[in-house]
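# Here is my input, please return the structure:
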Amino acid sequence: MAVIFAVVGGGAVLGIATSPDYGDYGDHSDHSDYSNYSDEAERRQRRIEDKKREINSKKSNVNTYKTQSVNSYLQSSTLREESGVTVNLAEVRRDGDKKISDKLNTDFNSDAASLKHEIEEIDAVINKIDKILKEEE
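Below you'll find the predicted structure:
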């Protein structure tokens, strides 16, 4: 029995003597970099949050501009209700240009009617003058 104990005990001592020293971290990379990775992740997360806030702010600015400056030129209620970020700009341009064109035509026709009336009055006066001149001859 002593022989078995000596063999088993000797093997255990030999195993302990040849096992690697796990307390020695000399073969691993520099552990002080771990805090740098954590700091970098925090900085990256802050940059992402800042960009999200910036994007939301710009979306808000676009929507405000559309609501205050563009909607008054639109005829389509669908285009007026749509967000400034997602609205189709070509459709907005067509709709707005049509409303502006219609307004210009209405204004022009109104001005033209007024001018036409003035021309008719002037023409009537000229005809009277012409009639008077013909009678005197």
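# For the residue most central in space within the chain, what is the enclosing helix or strand?
With distances taken as Cα atoms, centre = their mean, the residue of the chain nearest its centroid is Lys59 (4.7 Å). Using DSSP states H and E, Lys59 sits in helix 33-65.
# Check which residues of that helix are buried.
62-63 (16 or more other Cβ atoms under 10 Å). (Each C-beta comes from the backbone N, C-alpha and C, glycine too.)
# Now do the longest helix along the chain, average pLDDT.
The residue-count maximum for a helix in the chain (DSSP state H) belongs to helix 89-136. Average pLDDT, helix 89-136: 85.
# Could you number the chain from 45 rather than 1 from now on?
Sure thing, new numbering starts at 45, so read that last one as helix 133-180.
# Which neighbouring elements make contact with it?
Secondary-structure packing of helix 133-180 (3 or more Cβ pairs under 8 Å, 6 or more residues apart in numbering; DSSP states H and E): helix 121-125.
# Which positions in the helix it packs on come out as buried?
For helix 121-125, by 16+ other Cβ under 10 Å, it's 123-124.
# Tell me the helices and strands packed up against that helix.
helix 133-180.
# Can you name the residues that contact the residue nearest to the centre of the chain?
128-129 (Cβ atoms under 8 Å, 6 or more residues apart in numbering).
# Next one: the nearest residue to Asn115 once chain neighbours are set aside from Tyr81, what distance?
Closest residue in space to Asn115, ignoring its immediate chain neighbours: Arg124 at 4.7 Å, by Cβ to Cβ, 6 or more residues apart in numbering. Distance, Arg124 to Tyr81, using Cβ to Cβ, to the nearest Å: 50 Å.
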